[in-house]
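K.L.:
the following comprises the amino acid sequence and a computationally predicted model.
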Amino acid sequence: MMPTMSFTAVWPTTDAAGAESADEMTVETPDDVDALLRRLAEPGAGPAVVEHRERDLIEDTEGLLGPPGKTRIPDHDVAAAVHAGYGYLTYADPDHDYATLAGEPNSPGYRSEYVDFPAGAGVPVVVLAAALKEFLATARRPGDVAWTAASPGEG
């Protein structure tokens, strides 16, 4: 029996009073992807960092999460968001430079504390859902969507 593919999404939240916290969800099924996107569309939800559990961990040689060489980190950098009715996704791994979805030209930019999505990077939420479902099933960069290289200063 094949193990279930899954990824974990973690995102910041801010409530109506301005209090900050975080939320987390383990995604194992296509229906879970849809539930995640509904949660990311809620007021106060920020972009989610997405870590696929079937991908490799690599040595943190730059010291991003502790002393260099002492910690293992995901070999991929993925963030997903829902903002102003659009879906946003960034992706990088050892085989792919940091990129955003090639979205609709009239989609607004979305800036957060740790990831910026440029104007024109937003896609219909159903397109984001399909991309995340493909990532869930394959643990690889979604190939059924178009990507554009991120500009310097993004990410």
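P.N.:
Arrived safely.
K.L.:
got the contact list for the most centrally placed residue in the chain?
P.N.:
Taking CA atoms, centre = their mean, the centroid of the chain lies closest to Ala79, which sits 2.0 Å from it. Ala79 makes contact with 47-50, 88-90, 114-115, according to CB atoms under 8 Å, 6 or more residues apart in numbering. For the C-beta atoms, the positions are set from N, CA and C on the backbone; glycine is no exception.
K.L.:
please report phi then psi for it.
P.N.:
When read as degrees, to the nearest 10, the backbone of Ala79 gives phi -140, psi 140.
K.L.:
among the contacts of Ala79, name the buried ones.
P.N.:
47-50, 88-90, 115 (16 or more other CB atoms under 10 Å).
K.L.:
buried stuff in the lengthiest helix in the chain?
P.N.:
Secondary structure of the chain per DSSP state H: the longest helix is helix 125-138. Using 16+ other CB under 10 Å as the test for burial, helix 125-138 gives 125, 127-136.
K.L.:
how close does the nearest residue to Gly85 once chain neighbours are set aside sit to Thr100?
P.N.:
Excluding its sequence neighbours, the residue lying closest to Gly85 (CB to CB, 6 or more residues apart in numbering) is Val125, at 7.3 Å. To Thr100, Val125 is 16 Å away according to CB to CB, to the nearest Å.
K.L.:
how far does the helix or strand containing Val49 sit from its chain's centre?
P.N.:
Under the criterion of DSSP states H and E, Val49 resides in strand 48-52. Averaging C-alpha positions (CA atoms, centre = their mean, to the nearest Å) puts strand 48-52 5 Å from its chain's average.
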